[in-house]
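Pasting a predicted model and its sequence here:
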Amino acid sequence: MNISSRFRSVAFAAIAAAGIGLAGAAHADSGTIRFSVYKAAFFVGGSGGEGTLTFHGRHYPISIGGISGGLAFGASKTYFQGTVRHIRRAQDVGGVYGAAGGGGAVGKGAQMIVMTNDKGAQLELTGRQVGLQVNADVSGMSITVK
């Protein structure tokens, strides 16, 4: 009987821990984000911009900064919009996001990207790019919620 009682206690604790983990994920929410980024590169590139995060009906200004390295040259401006998932508060969007990829635009182009930061916030973005930009690089982007 004592072993059965211990087994029930351990099973109950495991189920409770799993329920708490699922409850935490269930409380994560999503918002929308819009920003524009200017990018210039000649092998090493830099980018910067600003935009707005909308979360729970409030608008939060954000700033964007970034760097890239690899085969990249040109200059462009990209207008991004999309969804931010797995956040509990607006500040969860802040942080460093990394991506590797390639692309290009002569005049106008389109982009789609999914990135995650160290807090688990996931950006699902589509973008409209204007300018002359060719790249096959590794890049990082930092978002700051003001």
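The structure has been received and is ready for your questions.

if I pick the residue nearest in space to the middle of the chain, what's in contact with it?
Centroid-nearest residue in the chain: residue 123, 3.4 Å away (criterion: CA atoms, centre = their mean). Shown in contact with residue 123 (CB atoms under 8 Å, 6 or more residues apart in numbering): 33, 82-84, 97, 113-116. Yep, even glycine has a C-beta here, placed from its N, CA and C like the rest.

go on, residue 60?
Remark: with contacts taken as CB under 8 Å, 6+ apart, residue 60 is in contact with 52-54, 90, 145-146.

circling back: what's the spacing between the residue nearest to the centre of the chain and residue 66?
To residue 66, residue 123 is 13 Å away according to CB to CB, to the nearest Å.

What score does the residue nearest to the centre of the chain have for pLDDT?
With respect to pLDDT, residue 123 has a value of 92.

Run through the bridge partners of it.
Residue 123 has these beta-bridge partners by DSSP bridges: residue 84, residue 115.

repeat for residue 32
Under the criterion used (DSSP bridges), residue 32 bridges to residue 54, residue 83.

Residue 145 now?
Going by DSSP bridges, residue 145 forms beta bridges with residue 62.

For residue 89, see how far away it is.
Taking CB to CB as the measure, residue 145 falls 9 Å from residue 89.

now residue 132
39 Å.

So which of the two has more stuff around it?
Just comparing residue 132 and residue 89: by other CB atoms under 10 Å the higher neighbour count belongs to residue 132, 14 against 11.

what separates that one from residue 83, distance-wise?
Distance, residue 132 to residue 83, by CB to CB: 29 Å.

again with residue 32
Distance, residue 32 to residue 83, using CB to CB: 6 Å.

ditto for residue 48
23 Å.

The nearest residue to residue 74 once chain neighbours are set aside: which element?
Take residue 74 and drop its neighbours on the chain: the residue closest to it by CB to CB, 6 or more residues apart in numbering is residue 133, 3.9 Å away. Residue 133 belongs to strand 122-145 when assigned by DSSP states H and E.
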